[in-house]
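Participant: Sequence and predicted structure are below.
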Amino acid sequence: MLASAFARSSFIRRAVSSTAVSTGAVRGLASLEPYEHYGKHVFKGKVADDYLKKHGADSSLLEDPNWTATHADTVAAAVLDWACDNGANSYCHWFQPLAASGVRHGLAGQVHNMMMQFNRKTNEPEFEFSGKDLIRGETDGSSFPNGGLRATHMAGGYLAVDTSSHIWLRGDTIFIPSALVSYYGDALDEKTPLLRSNEALSKEGKRLLGHLGYEFEGGLDASLGLEQEFFLIPRDQYYRRPDLQIAGRTLIGKNASRGQEMCDHYMGAVSSATPALAFFQELQDEAWSVGIPLKTRHREVAPGQFEVCPMFGTATTQVDQNVIVMQLIEEVAARHGLAALQQEKPFNDINGSGKHNNWSIWNKHGVNLLAPQSLNGASGNPLSFPVVMAAIISAVDTHGDLMRMSISCPGNDFRLGACEAPPAIVSTYLGHDMTTYLKNFKEGHPGEYVPHVKTLDLGTSSILPFNVPAEDRNRTSPFPYGGGRFEFRAVGSSQNVSMVNTVLNTITAAKFAEFSDAIEAGGDPIEIAREALDKHWKVIFNGDNYCEDEQETLTKNGVWRIDSGVEAMHRLVADENVALFEKMGVFKKAECEARQVALHDHYTGTVEMEALCLVDMINQHVIPSVKAAGVGPLEDLEKAVTIINEAVAEIHAADSSYEKAKLARVLRLDTMVELRETCDAAEEIVPADLWTLATYKELLFLDTHVDAAVDYEE
């Protein structure tokens, strides 16, 4: 059931024929009507205010987390009224378990309960939803990945509402953003450490800014803008690929005769002759209704690849909203006869998908710590900004291993280091102007940061000369400064980015604390910042990160480089990193150890699913096709099955999660890559009518798989 007439009007089913995707209606003319429903299905602002006033309160109540202790019943009554008015009669505590990327639909956990009870006298149902129902929940924590923190004989998992995010509604259910912890308060989810890291960043950021002469009310928040990339393929062809269904990526597949070499897909027209445009319109409609300002949509570089971007917002809210958007992408795509692939590298030899994590730090008064004019103007101290930047640059250099750990999702194995994805060497790009500004500051010649612009004259009177930034874009850098923000480009598209931002917040908070400690011990803030820049200058690199000679130089200079994602995960339990997280109040030692186990188990489980799927594809598709055609490497294919099965058995026999993951990586990146070549060689010579798997040609080129003209809505 859809929650409103607005949602029903945007719900358009798509028929899928046996050979091609059919298009349906798309919204033809622009209208403000869809935007009148923006945020109607999220309990905040005017929506919350209208319902809370009926119960003697207003939306300002929600700004203080203490409402959970003082006014839970009031908020619950207002939420119940809002839910009923929008056709919802159920609720759930919506939480984000570990190890969900690439395998768990929606990346979230939830149990739906009806907001009702039965009158014992009349046996009639009545609406009922108390403050206790709203703020607390309980579940079986041992059934989720937990790294040993829970077991069947000590299984309790406890849910508490996250007041920094907002209750939202979809269909007949309200979703209550929640944290999941064990009986002992250990984090069993992605959200809890992120919330803790926000506290550390706010505390230590305010402390450092106070030493720089900037005092203000309220705290600091990390702000995010998350760019979500994904592929759309015809759903009927998706059903002809067991690997895409099971693993989210093609384990075998000969390249099509056309790829991305013509650069023709990037920012091309989103064709109304395919379901893509109608998909985007419905996706944005659904996102807007739950208060997600999904503003940008466009084609990406690879064939069949697309991107959506929201506006910026606070870290916890943006992470929650990105998880929602990822679920919407998959579900809306299916309605339009499409399948959405959000794994990092679904196809070989073309671009993979990332989730560029644009990160900055703001206070409640609209001051951006990463924008020099904003921070220096608010603080009245022209040297506040270089001190903050010195701390962050120092953090990247010191804790690049943790940044690498945070992006070590299985799909990044095949994505990092090529096709516009940065390598696994954690440097930062600042651009010429910012680098020169900080260099002058470091050498005792501080000045005002004034970014240069240059004027372009196109030599035609039809277009007047105009200004562009003097800085170019460096898309090979894992962590470039983009003016007011850092963009962590190495983040994978399938990830829940809570760990990514937990790390960024924590390492920055730790450096803020280190600077403050030195100041409180009698040090001069400017000299402390200069010394930090001098020590960590090597992490600044404005060149080509794909250049092997430059990579070798960076590595020799001591910039963090961890090529193996499995080894990067292991850095979570390094003594210095455990001490860091404990000091900042983000993870306890047991939580670090458990999270490392969960990461390694997730990696190994992913590889095992891929390996067993490949065995099935060889046995059930490739070998029969080769036999039917009477051509191809039949003996090598039969040997491949044995090789994979023996490797999986070796993984099972390993003693620890870490050892299993190391063996799994060898199976995935060495053995299975070699065996792929054998399968692809078979595809190359088997006649098309005998090859039973969907090919790259059939999967990637949506524009050539359409059998109906577009039908515009009236």
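Facilitator: On my side now, so go ahead. Numbers count the residues shown, from 1 in each chain.
Participant: now stretch 287-299, how far from the centre of its chain.
Facilitator: A distance of 15 Å separates the centroid of the chain from that of stretch 287-299, by Cα atoms, centre = their mean, to the nearest Å.
Participant: And the helix or strand harbouring L438, what's buried?
Facilitator: Take DSSP states H and E as the rule and L438 turns out to sit in helix 431-442. Across helix 431-442, burial judged by 16 or more other Cβ atoms under 10 Å covers G431, D433, M434, T435, Y437, L438, F441, K442. From N, CA and C alone the C-beta is placed, and that goes for glycine too.
Participant: Pull the residues that contact that helix.
Facilitator: With Cβ atoms under 8 Å, 6 or more residues apart in numbering as the contact definition, helix 431-442 has outside contacts at 383, 386, 389-390, 393, 430, 446-447, 449, 451-452, 470-472, 474, 480-481, 529-530, 533-534, 537, 540, 542.
Participant: circling back to that earlier point, distance to A688 and pLDDT added to the buried residues of helix 431-442, as CSV?
Facilitator: What follows is the buried residues of helix 431-442, written out as CSV (distance: Cβ to Cβ, whole Å; pLDDT from 0 to 100):
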residue, distance to A688, pLDDT
G431, 50, 92
D433, 55, 92
M434, 54, 94
T435, 54, 95
Y437, 59, 95
L438, 58, 97
F441, 63, 97
K442, 63, 97
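Participant: Quick one: these as TSV, columns for distance to L402 too.
Facilitator: Converted to TSV, those look like this (distance: Cβ to Cβ, whole Å):
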residue	distance to L402
G431	25
D433	29
M434	24
T435	24
Y437	27
L438	23
F441	26
K442	25
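Participant: which of these lies closest to G304?
Facilitator: For those, the closest approach to G304 (Cβ to Cβ) belongs to G431, at 32.6 Å.
Participant: From E487, how far off is that closest one?
Facilitator: Note on G431: its distance to E487, by Cβ to Cβ, to the nearest Å, is 12 Å.
Participant: shared neighbours, the two?
Facilitator: Contact criterion Cβ under 8 Å, 6+ apart; residues shared by G431 and E487: P480, Y481.
Participant: Now a ChimeraX select for only the buried ones of the contacts of helix 431-442.
Facilitator: This is the ChimeraX syntax for the buried subset of these, where burial follows 16+ other Cβ under 10 Å:
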select :383,386,389,390,393,430,446,449,471,474,480,481,529,530,533,537,540,542
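Participant: Strands along the stretch 601-714 of the chain, start to end?
Facilitator: Secondary structure of the stretch 601-714 of the chain (DSSP state E, counting those that start in this stretch): strands located at 711-712.
Participant: For burial, what's the neighbour tally of S59?
Facilitator: Other residues lying near S59 total 18 when counted by other Cβ atoms under 10 Å.
Participant: now D563
Facilitator: Neighbours of D563 under the rule other Cβ under 10 Å: 13.
Participant: Distance of it relative to Q343?
Facilitator: With distances taken as Cβ to Cβ, D563 is found 20 Å from Q343.
Participant: same deal with T606?
Facilitator: In this view, T606 and Q343 are 10 Å apart by Cβ to Cβ.
Participant: for P303, same thing?
Facilitator: In this view, P303 and Q343 are 16 Å apart by Cβ to Cβ.
Participant: so the closest residue in space to L370 that isn't next to it in sequence is in which element?
Facilitator: In this structure, L370 finds its nearest non-sequential neighbour in S360, 4.7 Å apart by Cβ to Cβ, 6 or more residues apart in numbering. Element membership for S360, per DSSP H and E: strand 355-363.
Participant: Only alpha carbons, please: show that strand as PDB.
Facilitator: The C-alpha trace of strand 355-363 is given here as PDB (Å, rounded to 0.1, in the frame of the first residue of the first chain):
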ATOM      1  CA  LYS A 355      30.000   7.000  -3.300                       C
ATOM      2  CA  HIS A 356      32.000  10.200  -3.100                       C
ATOM      3  CA  ASN A 357      31.900  11.300   0.500                       C
ATOM      4  CA  ASN A 358      32.000  15.100   0.700                       C
ATOM      5  CA  TRP A 359      32.900  15.900   4.300                       C
ATOM      6  CA  SER A 360      33.100  19.200   6.200                       C
ATOM      7  CA  ILE A 361      32.600  20.600   9.700                       C
ATOM      8  CA  TRP A 362      30.000  23.200  10.600                       C
ATOM      9  CA  ASN A 363      28.700  24.800  13.800                       C
END
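Participant: on contacts alone, who are the packing partners of that strand?
Facilitator: Judged by 3 or more Cβ pairs under 8 Å, 6 or more residues apart in numbering; DSSP states H and E, the packing partners of strand 355-363 are strand 220-234, strand 486-488, helix 498-520.
Participant: Now do the helix or strand following the last one, average pLDDT.
Facilitator: Looking back up the chat, that one is helix 498-520. Where DSSP H and E defines the elements, the next helix or strand beyond helix 498-520 is helix 525-536. Helix 525-536 shows a mean pLDDT of 98.
Participant: any idea which residue of this protein is furthest from its center?
Facilitator: Largest separation from the mean C-alpha position in the chain: K121, at 50.5 Å (Cα atoms, centre = their mean).
Participant: thought F385 was touching N368?
Facilitator: No. Taking contacts as Cβ atoms under 8 Å, F385 lies outside contact range of N368: 10.0 Å.
Participant: neighbour-wise, which of the two wins?
Facilitator: For F385 versus N368, neighbours defined as other Cβ under 10 Å are more numerous around F385 (25 against 18).
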